[in-house]
Every structure is written in C-alpha cells, then in structure tokens.
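Q: Quick one: sequence and predicted model below, then my questions.
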Amino acid sequence: QVQLQESGPGLVKPSQTLSLTCTVSGGSITTHDYFWSWSRQPPGKGLEWMGAITAIGSTYYIPSLQSRTSISRDTSKNQFTLQLSSVTPEDTGVYYCAGPGHWYMADSWGQGTQVTVSS
C-alpha cells in the first residue's frame with residue numbers, strides 16, 4: 001500500500017513562494033506511467049486539482065495556475081515537490097498530494113497539510 005505524507009511550512013507571507021514536499025513510501029514514483037499529483041481545498045470550497053508529475057518526469061498543470069506552479073521530484077528520496085509562487089490569501093487551504101494515478105484520479109492520498117497565506 002502506497003503511503004504519502006505532505007510536509008512544509010504552514011504559514012506563508014503574501015508574494016512569497018509556497019513549497020511543499022510529498023514523501024512516498026510503499027512504491028516508487030518512477031514506476032509505470034503513473035501521475036503523482038497535488039490538489040488543494042480552499043476553506044468552504046471544493047477540491048481543486050493543481051497539477052502532476054509523471055513517472056518519466058513530465059509535468060501537467062491546471063491552466064489557471066500554470067504560470068505560478070512548478071512540480072519537481074527527487075527520485076533518490078522518492079519525493080515530489082510543489083512550488084506555488086506569488087501567493088495571495090486566496091491560496092490558503094489544505095494541500096494534498098496523491099498517487100499513483102492518472103490526472104486527477106489517484107489510489108492513495110496524503111492526510112493533507114494546512115497552508116495559510118497571511119502577513
């Protein structure tokens with residue numbers, strides 16, 4: 001059973017870059033052609049798929065966030081990372097990593113981590 005754990009700061013100041021890491025255990029992020037994704041849920045709103053990185057390192061982002069989002073990976077640590085630049089309070093929410101899967105569907109999800117954007 002694949003397990004995922006998000007980590008990163010819970011508080012980010014406006015205009016800064018949010019950086020979160022997902023550590024994967026029980027499976028490799030380089031096997032098959034699976035997607036490893038990031039999603040978020042703002043308070044009072046639904047879940048929003050943000051983007052993903054595939055087993056071969058290709059990346060995909062939702063168009064509305066593409067200019068501010070970067071997903072990368074460290075295969076030696078079996079981790080993948082989300083960076084969201086120029087954050088505003090509207091980026092506040094619970095951030096989840098997930099995988100393995102395809103696009104917005106995934107077999108396993110992390111527990112989520114709260115990120116608040118505030119000065």
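A: Now that the structure is in, tell me what you want to look at. Worth saying up front: this structure is predicted, and the values here are computed from it rather than measured.
Q: Report the helix or strand with the lowest average pLDDT across this structure.
A: Within the chain, no helix or strand scores below strand 105-109, which has a mean of 94 by mean pLDDT, DSSP states H and E.
Q: And the next helix-or-strand element following it, what does it pack against?
A: Using DSSP states H and E, the helix or strand that follows strand 105-109 towards the C-terminus is strand 113-117. Counting contacts by 3 or more C-beta pairs under 8 Å, 6 or more residues apart in numbering; DSSP states H and E, strand 113-117 is packed against strand 11-12, strand 18-25, strand 93-102. Backbone N, C-alpha and C define where each C-beta goes, glycine included.
Q: which residues of this structure score low on pLDDT?
A: Applying pLDDT under 70 to the chain flags no residue at all.
Q: which one in it is furthest away from the centre?
A: Most distant residue from the mean C-alpha position of the chain: Ser119, 22.7 Å away (C-alpha atoms, centre = their mean).
Q: so it makes contact with Lys13?
A: Yes: using C-beta atoms under 8 Å, Ser119 is in contact with Lys13, at 5.5 Å.
Q: Tell me how far the residue nearest the centre of the chain lies from Ser119.
A: By C-alpha atoms, centre = their mean, the chain has its centre lying nearest to Trp38, at 2.8 Å. According to C-beta to C-beta, to the nearest Å, Trp38 and Ser119 sit 24 Å apart.
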